[in-house]
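Peer 1: What shape does this take:
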Amino acid sequence: MKELLTKPFLTAFSIGVGVVIIVVIGVFYVQRGAHVELKGAILKVRTQALDENSSVAVIDFRFVNPSNYPFIVRSVEVSMQGPDGKSYDGDPVSEVDAKRIFQYYPLLGQKFNDTLLMRDKIAARQSQDRMIAARFVLPVKILEARQNLKVRVEDVDGPISEIAEK
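Peer 2: Now for the predicted structure:
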């Protein structure tokens, strides 16, 4: 056993371990842009009562696609955690209906960004400002007293990104 731990063996073993570590670091460095996801933040949330039992949330958000590949949207979902801790899902509103909501409810202000829609393509290393309007079957008071709001965006190839309100 003592013959195996000679100085030439330990030198060769150390060089081999060093080469393996360099190769592993190199592989991780080359693959750094291969993970497809969106990173971002919710900039502004505007709420409006539609009637006594339903309301709409207009969410303006900014995101970036840090990967080397495009992100193609399969679906966009909105959910919120109410003041009671329960989770509520919102129904996304189409671009045409979002424009109508802004016309009918001028207190929402102006429509700053385009709606993030299915099949929208976010190019590699690109940043965008978008919005999504979602209808909740809740009174506006509960929507305004929410603990958290999340926008969940799914890519056509499967990766899912969440942008949460802070």
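
Peer 1: Domain parsing of the protein, as residue ranges.
Peer 2: As given by automatic domain parsing, the domain ranges for the chain are 1-32, 39-164.

Peer 1: Can you redo these as CSV, where the extra columns are mean neighbour count and mean pLDDT?
Peer 2: Where C-beta positions appear, they are placed from N, C-alpha and C, glycine not excepted. Output for the domains of the chain, formatted as CSV (neighbours: other C-beta atoms under 10 Å; pLDDT from 0 to 100):
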stretch, mean neighbour count, mean pLDDT
domain 1-32, 9, 76
domain 39-164, 16, 95
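
Peer 1: Going by length in residues, pull out the top helix of this structure.
Peer 2: helix 7-30 (DSSP state H).

Peer 1: by contact count, what packs against that one?
Peer 2: Using 3 or more C-beta pairs under 8 Å, 6 or more residues apart in numbering; DSSP states H and E as the contact test, no helix or strand touches helix 7-30.

Peer 1: Alpha carbons only: can I get the helix or strand just after that helix in CSV?
Peer 2: Following helix 7-30 in sequence order, the next helix or strand is strand 39-51 (DSSP states H and E). Extracted in CSV, the C-alpha atoms of strand 39-51 (Å, rounded to 0.1, in the frame of the first residue of the first chain):
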residue,chain,number,x,y,z
LYS,A,39,-36.8,36.7,-14.5
GLY,A,40,-38.6,39.9,-13.6
ALA,A,41,-40.7,42.0,-11.2
ILE,A,42,-44.2,43.3,-11.0
LEU,A,43,-44.0,47.1,-11.4
LYS,A,44,-47.6,48.1,-10.7
VAL,A,45,-51.0,46.6,-9.9
ARG,A,46,-54.2,48.4,-10.5
THR,A,47,-57.6,47.1,-9.4
GLN,A,48,-61.2,47.9,-10.4
ALA,A,49,-64.5,46.5,-9.2
LEU,A,50,-66.6,45.2,-12.1
ASP,A,51,-69.6,44.5,-9.9
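
Peer 1: Check the offset of the helix or strand following strand 39-51 from the chain's centre.
Peer 2: Using DSSP H and E, the helix or strand that follows strand 39-51 in sequence is strand 54-64. Centre-to-centre, strand 54-64 and its host chain are 12 Å apart (C-alpha atoms, centre = their mean, to the nearest Å).
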